[in-house]
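Student: 3D model of this:
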Amino acid sequence: MEIEKNWPEILKVLGNAKRSNRFFSIATVDSDGNPHVTPIGHVFFRDDMTGYYFDAYSKAMPKNFEHNKRVCVMGVNSSTGFWLKSLFKGQFNSAPAVRLFGEVGEARQATEDEIRELQNAIRITSKLKGHELLWSDLDRVRDIKFDSFSPATYPAMCEGLWK
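Tutor: Numbers count the residues shown, from 1 in each chain. As a prediction, the model looks like this:
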């Protein structure tokens, strides 16, 4: 399946995943070949099959990127309503999950637009004590260029969802 042809649907799945989970899982590989999965809450996607995330707390990911810049980003729609409706009907109306494969760039200073997008995403918690403690100094991002994808599929219930 071609990522470019499916990108609009991929973005819908990722949007549903973010609303239901508030984070994405990003897998990297360490120098011994072991997988490492990190939950990252501040991942944003663009229309050109790229994205970026705020690179703040993970210690393992930057170390893993020293020898392998490949990543797998997975988003899962875990909404109870989505799953119950799909199970009742015996069919998913949209894909329940997707994996994106790509390569990260070097850490860089976030642009004003990227910081604004982050602030909009976390605005709801702005009056809470933990908001300032966790997110007041997020200003470094890494770009991700996606080159392929793998949808999560379930026999029969996912038929016809992908081109």
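Student: and the spatially most central residue of the chain, what are its bridge partners?
Tutor: Nearest to the mean C-alpha position of the chain, by Cα atoms, centre = their mean, lies Phe24 at 4.1 Å. On the basis of DSSP bridges, Phe24 is bridged to Ile40.
Student: hmm, Ala17 and it touching each other?
Tutor: Yes. At 6.9 Å, Phe24 counts as touching Ala17 under the criterion of Cβ atoms under 8 Å. The C-beta positions use only the backbone N, C-alpha and C, and glycine is treated the same way.
Student: ok, Asn6 - how many residues close by?
Tutor: Residues near Asn6, counting by other Cβ atoms under 10 Å, number 19.
Student: can you pull the pLDDT of it?
Tutor: pLDDT, Asn6: 94.
Student: likewise Glu159?
Tutor: 81.
Student: excluding its backbone neighbours, what's nearest it?
Tutor: Spatial nearest neighbour of Glu159, excluding adjacent residues (Cβ to Cβ, 6 or more residues apart in numbering): Gln91 at 7.9 Å.
Student: before we move on, what about Phe54?
Tutor: In space, and not counting its chain neighbours, Phe54 is closest to His42: 4.2 Å by Cβ to Cβ, 6+ apart.
Student: show me the contacts for the one you found.
Tutor: His42 sits next to Tyr53, Phe54, Leu118, Ala121, Ile122, Leu138 when contact means Cβ atoms under 8 Å, 6 or more residues apart in numbering.
Student: wait, which of those is closest to Pro35?
Tutor: Of all the contacts of His42, Pro35 sits closest to Tyr53, with 17.9 Å by Cβ to Cβ.
Student: just checking, the closest one touches Val141?
Tutor: Yes. Counting by Cβ under 8 Å, a contact exists between Tyr53 and Val141, whose distance comes to 6.5 Å.
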